[in-house]
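S.K.: Structure for this input, please:
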Amino acid sequence: MKLFRDSNITTVHFIGICGTAMASVAAELHRAGFKVTGSDSNVYPPMSEFLYKHGVTVLDGFKSVNLPKNALIVVGNALSRGNPELEAALNAGYCLISLPELISRRYLTDRTPIVVAGTHGKTTTTAMIAHILRHSGRDPGWLIGGIPVDLDFPCYFGSGDEFVIEGDEYDSVWYDKRPKFFHYKPRMAVLTSVEFDHSDIYEDLNAVKAVFRRFVRLLPENGKLLVCGDDREAFSVAADALCNVETYGFNSGLTWSLDNIKQSGEIGIHGDINGPNGLTGSMRLSLTGEFNLKNALAALAISVGVGVDPDDALKALQCFRGVKRRLELLTEEKGIAVWEDFAHHPTAISAALSGLRRRYSGRRLWALLEPRSNTMARKYFTSELVEALAQADNIILAPVHRKERIPFEERLDTSSIANILRNRGLDAVAVDAFDEVVEKIEKNARRGDVILIMSNGGFGGIKERIVELIC
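M.R.: From the prediction side, this is the model:
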């Protein structure tokens, strides 16, 4: 198989290979028969384990000697000039490409890209759509920004017409500051939500909305945009679309809506569907959280839009088991449930805690948070973060990630947040080291507790240590 139609490339090297999308594409190319290598620093699970499992060589650190001869160099978006491996590649005249451009050229040419964009829910919704299409007998391609439980790979070429892809608004690479989703040629798209995020590249909410407006205007007139009608900012952005627009959510009057939402004890959540042309039915998920019902409704609407029978789609959703690190149950031993969530934003934190509170009514809920993303590590959302965390009974705030890179006056003050929460009668503490998080769980966790570990990074390896403690 050719990498691109117009190339004879056989060797590909990824600088910054342990990003989720980078690793997923690297593994797909390896399966397709290409010689694939990559390098990175500060490697941590699950992507390090994923690459090892799929036979991709990962080199520790960035060094000029890592570069294979006659290779195409895929440059991660976290890299900047001065990286020794990147500088060596430029000096030697290697051909460089960003991951979004590679994706566009390899996977999306002459296909129907279904692009899932928005601040929240992209990964799970993308995985749900791919799962439905696969379950209904189709062979779509997909690229998911996480490891799906029900699909063999997070990136799959597929032989069918549809390619389902998570559309990220973060920039592409150091020399191309456009959002990744500008490369993805959408013919159908989902817009889940629009909030301020990625404070390192966007000045404010208006800047975020501007790029989403440009995204929806990429859709052709004969395309389709499905937008969450419950999200005011997303709905306003959709007004710029020149294609057919459908809405979904919990509010009445939308094209697709859900009502009579109920949590079935600790085994799942369900609601009643009201769709176009009198379509009705019951949606049942084994997942937790109302936000997952909303993600599933979007996946249903898109799947029906490409011709999947609604009943087949609902059956597929009922057996969908989720994506790793997206409100994932890690273990439930000795009467203690340990969950993990990516938790990159106060809205996501609130949704995860709300879902667990509803699932485990009456049980003590722990929130363990590592403020890690560029936005979370700053003071932008202090009040929102307080309100989100206040849904838990016990809160442990870990050190801000790379706090030395953030000016003191801009940095999130975890001690202040803990004080505010304590004044509300909650057990909250800000610690100075990851070991302290584990120690507090070891000393204070008891039967009946529900523990949620939240980070979009490695969290100092505490996940594995807490699971070991519980088991």
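S.K.: shouldn't G167 be in contact with A117?
M.R.: Yes - judged on Cβ atoms under 8 Å, G167 makes contact with A117 at a distance of 3.8 Å. Placement of C-beta: from N, CA and C, glycine included.
S.K.: Quickly list what's touching both of the two.
M.R.: F181, A189, F215 (Cβ atoms under 8 Å, 6 or more residues apart in numbering).
S.K.: shouldn't the second one be in contact with K122?
M.R.: What it means is A189. No - if you go by Cβ under 8 Å, A189 and K122 don't touch, sitting 11.1 Å apart.
S.K.: what sits in contact with each of the two?
M.R.: V116, G167.
S.K.: thinking again about what came up before, pick out whichever of G167 and A117 has more residues nearby.
M.R.: A117 (32 against 28; other Cβ atoms under 10 Å).
S.K.: how close does the more buried one get to P310?
M.R.: Using Cβ to Cβ, to the nearest Å, we find A117 at a distance of 24 Å from P310.
S.K.: Now do the closest residue to G457 other than its chain neighbours against N77, distance only.
M.R.: Nearest residue to G457, sequence neighbours excluded (Cβ to Cβ, 6 or more residues apart in numbering): R372, at 4.7 Å. Separation of R372 from N77 (Cβ to Cβ): 17 Å.
S.K.: My understanding was that N66 contacts T37; is that so?
M.R.: Yes - under the criterion of Cβ under 8 Å, N66 makes contact with T37 at 7.2 Å.
S.K.: sorry, back to before: helix or strand for the residue nearest to G457, which one?
M.R.: Of the helices and strands defined by DSSP states H and E, none includes R372.
S.K.: before we move on, what about I466?
M.R.: Assigned by DSSP H and E, I466 falls in helix 462-470.
S.K.: Can I get that helix in PDB? Just the C-alpha atoms.
M.R.: Extracted as PDB, the C-alpha positions of helix 462-470 are listed here (Å, rounded to 0.1, in the frame of the first residue of the first chain):
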ATOM      1  CA  ILE A 462      -0.800   7.500  40.900                       C
ATOM      2  CA  LYS A 463      -3.500   5.600  39.000                       C
ATOM      3  CA  GLU A 464      -1.500   2.400  39.000                       C
ATOM      4  CA  ARG A 465      -0.600   2.800  42.600                       C
ATOM      5  CA  ILE A 466      -4.100   3.500  43.800                       C
ATOM      6  CA  VAL A 467      -5.500   0.600  41.800                       C
ATOM      7  CA  GLU A 468      -2.800  -1.600  43.400                       C
ATOM      8  CA  LEU A 469      -3.800  -0.300  46.900                       C
ATOM      9  CA  ILE A 470      -7.500  -1.100  46.300                       C
END
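S.K.: K443: neighbour count?
M.R.: For K443, using other Cβ under 10 Å, the count is 7.
S.K.: and it, what does it touch?
M.R.: Under the criterion of Cβ under 8 Å, 6+ apart, K443 has no neighbours.
S.K.: Need the three-state assignment for it.
M.R.: helix (DSSP: H, G, I helix; E, B strand; the rest coil).
S.K.: List the residues that contact G38.
M.R.: 13-18, 22-23, 26, 51, 56-59.
S.K.: what's the answer for M1, then?
M.R.: A32, G33.
S.K.: let's go with 10 Å and repeat that
M.R.: Neighbour list for M1: L29, R31, A32, G33, F34, R106, F157 [criterion: Cβ atoms under 10 Å, 6 or more residues apart in numbering].
S.K.: pretty sure the last one contacts S24?
M.R.: No - no contact is recorded between F157 and S24 when judged using Cβ atoms under 10 Å, the distance being 11.7 Å.
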